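K.L.:
I'll drop the sequence and a predicted model, then ask my questions.
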Amino acid sequence: TQERSRKTELGVVVSGVEACWAVGHAVGGALPVPIIAKATKTWYRKIDLPPWTPPDKIFAPVWSVLYLCMGAAAAKVYRANSGGKLPMLLWAVHCGLNLSWAP
């Protein structure tokens with residue numbers, strides 16, 4: 001079957017599969033947020049932060065966009081490699097390390 005795609009306002013072609021990967025990745029990245037939010041109220045406030053540390057209110061939108069982009073990129077790699085195991089294994093290891101870093 002031929003996959004439908006649409007153009008976004010930015011002119012980027014996004015397929016349904018890529019959108020699902022992106023949303024799934026963003027949801028997966030949002031799952032540990034309550035744990036991270038609790039940790040930022042304890043140890044994070046006690047460490048010395050550089051003066052260029054961005055304000056707290058910017059992290060949620062930036063984090064969400066980052067995870068959407070990572071999911072879309074993973075879908076593109078999956079499609080470009082016909083589901084190749086090594087690229088997706090590296091992606092899974094990256095995600096696991098990223099999530100294990102969270103407090």
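P.N.:
That came in fine, so what should we check first? Numbering: from 1, shown residues only.

K.L.:
buried sites along stretch 52-72?
P.N.:
Neighbour counts using 16 or more other C-beta atoms under 10 Å place 67-68, 70-72 of stretch 52-72 among the buried residues. C-beta coordinates here come from the backbone N, C-alpha and C atoms, glycine included.

K.L.:
Show me how far it is from its chain's centre.
P.N.:
For stretch 52-72, the separation from the chain centroid amounts to 9 Å (computed by C-alpha atoms, centre = their mean, to the nearest Å).

K.L.:
which residues sit against that stretch?
P.N.:
14, 18-19, 21-26, 28-30, 40 (C-beta atoms under 8 Å, 6 or more residues apart in numbering).

K.L.:
cool, stretch 77-93 as well?
P.N.:
Stretch 77-93 is contacted from outside by 17-18, 21, 74, using C-beta under 8 Å, 6+ apart.

K.L.:
Make a ChimeraX selection of the buried ones in these.
P.N.:
With 16+ other C-beta under 10 Å as the criterion, this ChimeraX line picks the buried residues out of those:
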select :18,21,74
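
K.L.:
how about the helices in the chain?
P.N.:
16-30, 33-40, 43-46, 59-80, 85-101 (DSSP state H).

K.L.:
Could you save those as JSON lines and add columns showing distance to W52 and mean pLDDT?
P.N.:
Converted to JSON lines, the helices of the chain look like this (distance: least, C-beta to C-beta, whole Å; pLDDT from 0 to 100):
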{"stretch": "helix 16-30", "distance to W52": "24", "mean pLDDT": "76"}
{"stretch": "helix 33-40", "distance to W52": "18", "mean pLDDT": "74"}
{"stretch": "helix 43-46", "distance to W52": "16", "mean pLDDT": "79"}
{"stretch": "helix 59-80", "distance to W52": "14", "mean pLDDT": "80"}
{"stretch": "helix 85-101", "distance to W52": "21", "mean pLDDT": "83"}
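
K.L.:
could these be laid out in CSV, adding distance to T53?
P.N.:
Formatted as CSV, the helices of the chain follow (distance: least, C-beta to C-beta, whole Å):
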stretch, distance to T53
helix 16-30, 21
helix 33-40, 12
helix 43-46, 10
helix 59-80, 10
helix 85-101, 18
